[in-house]
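Student: Dropping the sequence and predicted coords here.
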There are 4 protein chains.
Amino acid sequence: MNKNRLEAFSDGVLAIIITIMVLELHTPDEPTWAGVAAVLPTLFTYLLSFVYVGIYWNNHHHMIHLASRVNGAILWANLHLLFWLSLFPFTTRWMDESGFQQVPVLLYGINLLCAAIAYFILERRLIAVQGRDGALAQAVGRDWKGKASPLIYLLGIALTLVQPLLGVAVFTIVALIWLVPDRRVEQFVVKAHEGGAGPGHSN
Amino acid sequence: MNKNRLEAFSDGVLAIIITIMVLELHTPDEPTWAGVAAVLPTLFTYLLSFVYVGIYWNNHHHMIHLASRVNGAILWANLHLLFWLSLFPFTTRWMDESGFQQVPVLLYGINLLCAAIAYFILERRLIAVQGRDGALAQAVGRDWKGKASPLIYLLGIALTLVQPLLGVAVFTIVALIWLVPDRRVEQFVVKAHEGGAGPGHSN
Amino acid sequence: MNKNRLEAFSDGVLAIIITIMVLELHTPDEPTWAGVAAVLPTLFTYLLSFVYVGIYWNNHHHMIHLASRVNGAILWANLHLLFWLSLFPFTTRWMDESGFQQVPVLLYGINLLCAAIAYFILERRLIAVQGRDGALAQAVGRDWKGKASPLIYLLGIALTLVQPLLGVAVFTIVALIWLVPDRRVEQFVVKAHEGGAGPGHSN
Amino acid sequence: MNKNRLEAFSDGVLAIIITIMVLELHTPDEPTWAGVAAVLPTLFTYLLSFVYVGIYWNNHHHMIHLASRVNGAILWANLHLLFWLSLFPFTTRWMDESGFQQVPVLLYGINLLCAAIAYFILERRLIAVQGRDGALAQAVGRDWKGKASPLIYLLGIALTLVQPLLGVAVFTIVALIWLVPDRRVEQFVVKAHEGGAGPGHSN
């Protein structure tokens, strides 16, 4: 079973998720700068979720690249991840419409957490197929961001119970952490590829 | 005529079907847990249809992988399947909006049944091209799930006439049956591939 | 410049066009069979446009397969075709919402005609690159459907001026003509491919 | 890290952006030619944004084709570009809904400018990886359209402050400039490819 169609389908779903959120954006009520200012929070939530889907696409890209092969369980683990990501437009819209009230922000945080857990499960499945010595297992070994993110989401959820905007701030910080380039991981990927250590050249 | 574009187009359509259903999800009226509870049936129907499209993508993936080549009739049989799958967002939405009333649930069941029949027709066409001894014919020979599903849909449709929620329960059980891994089929696929028995290596 | 990305982008756009039309489908007002009957014209227009986009995908698939290479002018001719196809959801929706009144049906027919002309232009561009002796030119030489369709659209547009439903009938008949398999063309494609006469094996 | 998935994801996002804008098109209020005339400005803005996304897809196609390889920073520079392009349906809709009032037209122009800057950043990143002597750097060296466009957008933004329709005219002219074929650039691409000077043959 080759990886190509898994990649193609995931790319398709992620491309749609990241793009249809723009359909949710309501145009300003008045054609003035005040009207624009009124939709800035909406644009901010759109940007935040855009970055999150971008992060998942980026990480998914690297992870599948390092994976050697896929099986039925992995297809379902991948669909499980896509399911939680597909809820982003829904939870994003609600958080925005409510004006960042507590329950919608909590639901957004829970959505982020579920996606992170689904990603973790997919990662484990891929490593189980490839083995502990594989390129993926080694790359993941140093993946401190992947390990820290769920914990920070939990912190964000807890802080939302105090003040929702604190939760939003935490979720924004996690996104920024991922945006900062992590040269080491990438260099490892390059080396593994050049050395032929790990990834199948099926694509 | 190669299989790649058939796969690419089908992946695209399935990715869109599975994702645009989220646009139908109405956010809760109130930013409270009671509001969330009120949309749980909606989220459940979304999940159910998500799983069904996922199942079709998964099975389609395997079936086309085992197919040797495609012709014009197969392209149309594939579009016929995609047509019924494309109605899922419509029948799902109506079933949900109506609060699981009889006619909408019946229509959902009929949609499931039509998709299953369209899948069966596509399967026959692919086997007709490849021959009875091909890898696909052999894999299908043991496909008890594929044979049982339409019968269970009929049962679900009949039970809906008694009580719609019974029908929904049956449709949910079929989805769960498919989620349970079927190791034998997959092992066959792996063996056929390794032994070079069947699938063309066109991708 | 390779054909792969042209195919991938066209597949993406066509997959989206064929699928998002389902978002336009309004669920029945009442959860009854009378409610379903009331949306049957809507479902019919959806099916008609689904078949038309399917026909274009099918023909596009064959045409690009026979093409040897693409250039900038061809990319734009392709986008021109996609533009007219992208209006299908719009003209379909209006024709349906208006209950098949004259002007909306005329616009639907004009949309079909423009798409056919755009397809013709793309075909000419591809043949110009490949030469009159190429596999595409020969396949097109016997393409009586492609030559007849625009004329029948014109007839449908003229009949719409008399009675819109006559126009809809004509547009339906063209779709049915395309659905009937044309074995000769396909056999030619197979032969050209086997004999290595024409299409580049770039994919 | 190969270019294929970057291309596939970008194609997916661009295909969705270019297509979902049609969902924004409101059907005429009355089934008459007067009704059609009333939506002509809407169709014009749709066409304008369709052409712009088409231009970006076209240019992106060429640029990535000439690129030798991608890294993490390039993936993010690409997502940055896609973000601004994803706002086109939003800014297009507002400009149209407002009847081309000043602030919405300004926002549309700013959106065009931001996309052009994001494209420039991506170009620089790709050249940085490939080197100043690479095929991309040479092709870009003569890319007067790419250099002139941001300046003309600025002019359009300035003119919008005087009269919004002047700004719209300028944005339309830029689109037309891009539609005019630039034979030299394309010939260079063909030569570079034939001579093996630049682009990796990874696809």
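Tutor: Sure, I can see it.

Student: any idea how far the closest residue to chain B within chain A is from B:Phe9?
Tutor: Residue of chain A nearest chain B, by C-beta to the nearest C-beta: A:Gly12 (3.1 Å). Every C-beta, even on glycine, is put in place using the N, C-alpha and C of the backbone. Distance, A:Gly12 to B:Phe9, using C-beta to C-beta, to the nearest Å: 11 Å.

Student: Same check on A:Arg125?
Tutor: 28 Å.

Student: More neighbours: which of those two?
Tutor: Between A:Arg125 and B:Phe9, B:Phe9 has the larger neighbour count (other C-beta atoms under 10 Å in any protein chain shown), namely 27 against 20.

Student: doesn't C:Leu14 make contact with that one?
Tutor: Yes - with contact defined as C-beta atoms under 8 Å, B:Phe9 and C:Leu14 form a contacting pair (7.1 Å).

Student: Common neighbours of these two, please.
Tutor: Taking C-beta atoms under 8 Å, 6 or more residues apart in numbering or on different chains as the contact rule, B:Phe9 and C:Leu14 both touch C:Trp57.

Student: same for the helix or strand harbouring A:Pro104, what does it pack against?
Tutor: Using DSSP states H and E, A:Pro104 falls within helix A:102-130. Under the contact definition 3 or more C-beta pairs under 8 Å, 6 or more residues apart in numbering or on different chains; DSSP states H and E, helix A:102-130 sits against helix A:40-66, helix A:72-86, helix A:88-97, helix A:135-141, helix A:144-162, helix A:164-179, helix B:33-38.

Student: and that helix, what's its mean pLDDT?
Tutor: Taken as a whole, helix A:102-130 carries a mean pLDDT of 94.

Student: Just the buried positions in it, please.
Tutor: Using 16 or more other C-beta atoms under 10 Å in any protein chain shown as the test for burial, helix A:102-130 gives A:102-116, A:118-123, A:125-127, A:129-130.

Student: Setting the sequence-adjacent residues aside, check what's closest to A:Ile157.
Tutor: Among residues not flanking A:Ile157 along the chain, A:Gly109 sits closest, at 4.3 Å (C-beta to C-beta, 6 or more residues apart in numbering or on different chains).

Student: now do A:Thr160
Tutor: Leaving aside its sequence neighbours, A:Thr160 sits nearest to A:Gly167 (C-beta to C-beta, 6+ apart; 3.1 Å).

Student: quick one, what contacts the one you found?
Tutor: A:Gly167 is in contact with A:Val105, A:Leu106, A:Gly109, A:Gly156, A:Ile157, A:Leu159, A:Thr160, counting by C-beta under 8 Å, 6+ apart.

Student: Show me what from chain A comes close to chain D.
Tutor: A:7-8, A:11-12, A:14-16, A:18-20, A:22-23, A:25, A:27-28, A:31-33, A:35-36, A:47, A:50, A:54, A:57-58, A:61-62, A:65, A:179, A:181-182, A:186, A:189-190, A:193, A:203 (C-beta under 8 Å from any C-beta of the partner chain).

Student: Just the buried ones among those, please.
Tutor: Buried, going by 16+ other C-beta under 10 Å: A:7-8, A:11-12, A:14-16, A:18-20, A:22-23, A:25, A:27-28, A:31, A:35-36, A:50, A:54, A:57-58, A:61-62, A:65, A:186, A:189, A:193, out of these.

Student: Which residue does chain A have closest to chain D?
Tutor: Nearest to chain D in chain A, going by C-beta to the nearest C-beta, is A:Ala15, at a distance of 3.2 Å.

Student: residues in contact with that residue?
Tutor: Residues near A:Ala15 by C-beta under 8 Å, 6+ apart: B:Ala15, D:Phe9, D:Gly12, D:Val13, D:Ala15, D:Ile16.

Student: Can you check what pLDDT the model gives the nearest residue to A:Ile177 once chain neighbours are set aside?
Tutor: Closest residue to A:Ile177 in three dimensions, ignoring its sequence neighbours and counting by C-beta to C-beta, 6+ apart: A:Lys145, at 6.2 Å. With respect to pLDDT, A:Lys145 scores 82.

Student: My understanding was that A:Lys145 contacts A:Val180; is that so?
Tutor: No - taking contacts as C-beta under 8 Å, A:Lys145 lies outside contact range of A:Val180: 9.1 Å.

Student: Compare neighbour counts for these two and give me the winner.
Tutor: A:Lys145 (16 against 8).

Student: What distance do you get for that one to A:Asn58?
Tutor: The spacing between A:Lys145 and A:Asn58, counted by C-beta to C-beta, is 11 Å.

Student: Can I get stretch A:77-96 in CSV, CA atoms only?
Tutor: Written as CSV, here are the backbone C-alpha positions of stretch A:77-96 (Å, rounded to 0.1, in the frame of the first residue of the first chain):
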residue,chain,number,x,y,z
ALA,A,77,-5.6,7.0,12.4
ASN,A,78,-5.0,9.5,9.7
LEU,A,79,-8.8,10.0,9.2
HIS,A,80,-9.2,10.3,12.9
LEU,A,81,-6.7,13.2,12.8
LEU,A,82,-8.5,14.8,9.9
PHE,A,83,-11.8,14.5,11.7
TRP,A,84,-10.6,16.8,14.6
LEU,A,85,-9.0,19.2,12.2
SER,A,86,-12.2,19.3,10.1
LEU,A,87,-13.9,20.7,13.2
PHE,A,88,-11.6,23.7,13.3
PRO,A,89,-13.9,25.8,11.1
PHE,A,90,-16.8,25.0,13.4
THR,A,91,-15.1,25.7,16.7
THR,A,92,-13.3,28.8,15.3
ARG,A,93,-16.6,30.3,14.0
TRP,A,94,-18.3,29.7,17.4
MET,A,95,-15.4,31.2,19.4
ASP,A,96,-15.5,34.2,17.1
